[in-house]
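J.: for reference, the sequence and a predicted model appear below.
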Amino acid sequence: MNATGYPIFARAVTPGETQFIGWLFLVLGLGGLGMALRKWNWLQEHCAWLLRWGKGTWSIPASRVGVSYGSATAAIFGMYCVSDAQNWWPFGDRDYFYVGLILWLLLGVGVFLRDYFHHVNQKDD
């Protein structure tokens, strides 16, 4: 441990690593969004374990809207990482970006509640 309390081997992430992670999130997020919008039945059949909110005892199935929201969130995070690694800010003023980010996360709460209430109100025939 050093004076800051962090392990000695801890270091900052380099811009190259940030860019790689960003491109990875961007490609996977856009791919997931495309799959959710175009190949939903295939996803439900082959990747059902990916189409859930949470894990364990409180896990509920996600709808197409929920999966699309999660994929779009990954793509936005990837764009943020890539633009940060290149010291380029395509989103306009940073203050407006953070307001938009807060609104986006509140939308996510709404999407989760939509899926949750849909799951709770399903009737077993």
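T.: Great, that's in hand. Residues are numbered from 1 along each chain as shown.

J.: what comes up buried for stretch 23-34?
T.: Neighbour-count burial for stretch 23-34 flags 25, 26, 29, 30, 32, 33 (criterion: 16 or more other Cβ atoms under 10 Å). C-beta coordinates here come from the backbone N, C-alpha and C atoms, glycine included.

J.: what sits up against the helix or strand where the third one lies?
T.: To tie it back to what came earlier, the one meant is residue 29. Residue 29 is part of helix 15-38, with elements assigned from DSSP states H and E. In this structure, residues lying in contact with helix 15-38 by Cβ atoms under 8 Å, 6 or more residues apart in numbering are 13, 42-43, 64, 67-68, 70-86.

J.: any idea how many residues pack against residue 74?
T.: 20 (other Cβ atoms under 10 Å).

J.: ok, now residue 56?
T.: 5.

J.: how much space between it and residue 68?
T.: Residue 56 is 24 Å from residue 68, where distance means Cβ to Cβ, to the nearest Å.

J.: and residue 119, by the same measure?
T.: Taking Cβ to Cβ as the measure, residue 119 falls 17 Å from residue 68.

J.: which one's more surrounded, the two?
T.: The neighbour comparison of residue 119 against residue 68 (other Cβ under 10 Å) goes to residue 68, with 19 against 14.

J.: report pLDDT for the more buried one.
T.: Predicted confidence (pLDDT) for residue 68: 95.

J.: adjust the sequence numbering to begin at 767 for everything that follows.
T.: In the new numbering, first residue 767, that becomes residue 834.

J.: picking up where we left off before, pull out the buried members of the contacts of helix 781-804.
T.: Buried by 16+ other Cβ under 10 Å: 809, 833-834, 836-842, 844-849, 851, out of these.

J.: out of those residues, which are inside helices?
T.: 809, 833-834, 836-842, 844-849, 851 (DSSP state H).
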